[in-house]
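Visitor: pasting the sequence and the predicted coordinates here, then a few questions.
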Amino acid sequence: MTAPRFDVLGIGNAIVDVLARVEDDFLVAEGLHKGSMNLIDTERAEYLYGKMGPGIESSGGSAGNTIFGIASLGGKAAYFGKVANDQLGEIFAHDMRSLGAHFDTKPLVGGDPTARCMVLISPDGERTMNTYLGACSELTELDIDESVVSDSGILYMEGYLWDKENAKNAFRKAAKVAHAAGRKVSITLSDSFCVDRFRDEFLELIQTKQVDIVFANESEAKALYQTADRATALNALRQDTALSAVTLGNEGSVAIAGNQTHHVPACSIRELVDTTGAGDLYASGFLYGLSQDMSLEKCAMLGNFCASEVIQHVGPRPEHDLRQAADQARLL
């Protein structure tokens, strides 16, 4: 098997985030479940945008954030995601390419505008997301460049994609191409509410070995196996996957592979500002480490480190050079 041109290829919803701080009372008044991700239509998007007050625009999308983080670490990264031929689409493409990530998905012309997500940040740093999918839901099998898939060491997909049938088919195609080329396929479960909607399909992907590596937080892992017990969920992942990485909030994370279990404590931080992108950047560190043949423990340590960086400021992407910071922390 030839060495890959790209360390990691991400497939996800290409979204521009609009982030704003709100009080918990705002969430209650709008009937929003704190910490959840809600799909909304154009009318609801316009309503929330008008109610939420001043916001900060930042290119986002779960897998997009992960790929951005991998590139910041010095990894060779690529991304498939659909934007429209509009201003926000141009912003997203510019941001993705600014660190050298390969992004060449053809923009949608004459359809819905580029996706955006209203991210409501509570005083405790928790984020509640309201996503208008727009153009990103138009990702299809035609957007899967097989040569890029075959030339990527690890394929990484976000669970949020599972809301659209075309996107499901695109991922299944990419997974087949990746495995045919001897590459690894990974998925992040994305959100416990997403797991509730697509539990059976996610389990099928995992148990039929269409996916090799699973990323989840504790609530997502529990939701997948319908248990309130952490140990039960982790043992089920051990049985079903070749490798799983589960984040545990302020307890750090755990990497599981066969009879190996590596529980790595969280990194200390100055202040928790905004949890947006924490899981995405954890995956950045872990996947980059995996692509560089680091031990699972070191992968989890680097994942924790990247997550700790992003939660200390507003926005889902690192503000600092992750490679330089990781070097200073002696993780690279």
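Guide: On my side now, so go ahead. Numbering: from 1, shown residues only.

Visitor: ok, the nearest residue to residue 70 once chain neighbours are set aside - how many residues close by?
Guide: Closest residue to residue 70 apart from its sequence neighbours, by Cβ to Cβ, 6 or more residues apart in numbering: residue 77 at 4.5 Å. Every residue, glycine included, has its C-beta placed from N, CA and C. Using other Cβ atoms under 10 Å, residue 77 has 30 other residues around it.

Visitor: might one say that residue 77 is in contact with residue 63?
Guide: No: using Cβ atoms under 8 Å, residue 77 makes no contact with residue 63, being 10.4 Å away.

Visitor: anything in contact with each of these two?
Guide: Shared contacts of residue 77 and residue 63, defined by Cβ atoms under 8 Å, 6 or more residues apart in numbering, comprise residue 10.

Visitor: if we can go back for a sec, partner residues bridging the residue nearest to residue 70?
Guide: Assessed by DSSP bridges, residue 77 has beta-bridge partners residue 8.

Visitor: list the contacts for it?
Guide: Residue 77 touches 6, 7, 8, 9, 10, 67, 68, 70, 71, 100, 101, 102, counting by Cβ under 8 Å, 6+ apart.

Visitor: these, buried ones only, as a PyMOL selection?
Guide: Burial among the contacts of residue 77 is assessed by 16 or more other Cβ atoms under 10 Å; the matching PyMOL selection reads:
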select buried, resi 6+7+8+9+10+67+68+70+71+101+102
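
Visitor: now render the contacts of residue 77 as CSV, adding pLDDT, distance to residue 52 and secondary structure.
Guide: Supplementary listing: the contacts of residue 77 in CSV, determined by pLDDT from 0 to 100; distance: Cβ to Cβ, whole Å; DSSP: H, G, I helix; E, B strand; the rest coil:
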residue, pLDDT, distance to residue 52, secondary structure
6, 98, 37, strand
7, 98, 37, strand
8, 98, 33, strand
9, 98, 34, strand
10, 98, 28, strand
67, 97, 27, helix
68, 94, 24, helix
70, 97, 30, helix
71, 95, 30, helix
100, 90, 33, coil
101, 94, 29, coil
102, 96, 34, strand
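
Visitor: the residue nearest to residue 70 and residue 308, how far apart?
Guide: Per Cβ to Cβ, to the nearest Å, residue 77 is found 21 Å from residue 308.

Visitor: same check, this time on residue 46
Guide: Distance from residue 46 to residue 308, counting by Cβ to Cβ: 35 Å.

Visitor: the two: who's more crowded?
Guide: A direct count of neighbours by other Cβ under 10 Å for residue 46 and residue 308 places residue 308 higher, at 22 against 12.

Visitor: ok, the residue nearest the centre of the chain - contacts?
Guide: Residue closest to the mean C-alpha point of the chain, counted by Cα atoms, centre = their mean, is residue 62 at 3.2 Å. By Cβ under 8 Å, 6+ apart, the contact list for residue 62 reads 12, 13, 158, 160, 188, 190, 279, 280.

Visitor: before we move on, what about residue 89?
Guide: Each residue near residue 89 by Cβ under 8 Å, 6+ apart is listed here: 14, 83, 107, 114, 135.

Visitor: what's the separation between it and residue 32?
Guide: 27 Å.

Visitor: what stretches of this protein score poorly on pLDDT?
Guide: Nowhere does the chain drop to pLDDT under 70.

Visitor: so after the helix or strand where residue 43 lies, what's the next helix or strand?
Guide: Following DSSP states H and E, one finds residue 43 within helix 42-51. Downstream of helix 42-51, the first helix or strand assigned by DSSP H and E is strand 56-60.

Visitor: identify the residues contacting the helix holding residue 43?
Guide: 18, 26, 30, 40, 55, 116, 118, 130, 132.

Visitor: any chance of a markdown table for those, columns distance to residue 201 and secondary structure?
Guide: Below are those laid out as a markdown table (distance: Cβ to Cβ, whole Å; DSSP: H, G, I helix; E, B strand; the rest coil):
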| residue | distance to residue 201 | secondary structure |
| --- | --- | --- |
| 18 | 30 | strand |
| 26 | 33 | helix |
| 30 | 30 | coil |
| 40 | 23 | coil |
| 55 | 33 | coil |
| 116 | 26 | strand |
| 118 | 27 | strand |
| 130 | 24 | strand |
| 132 | 23 | strand |
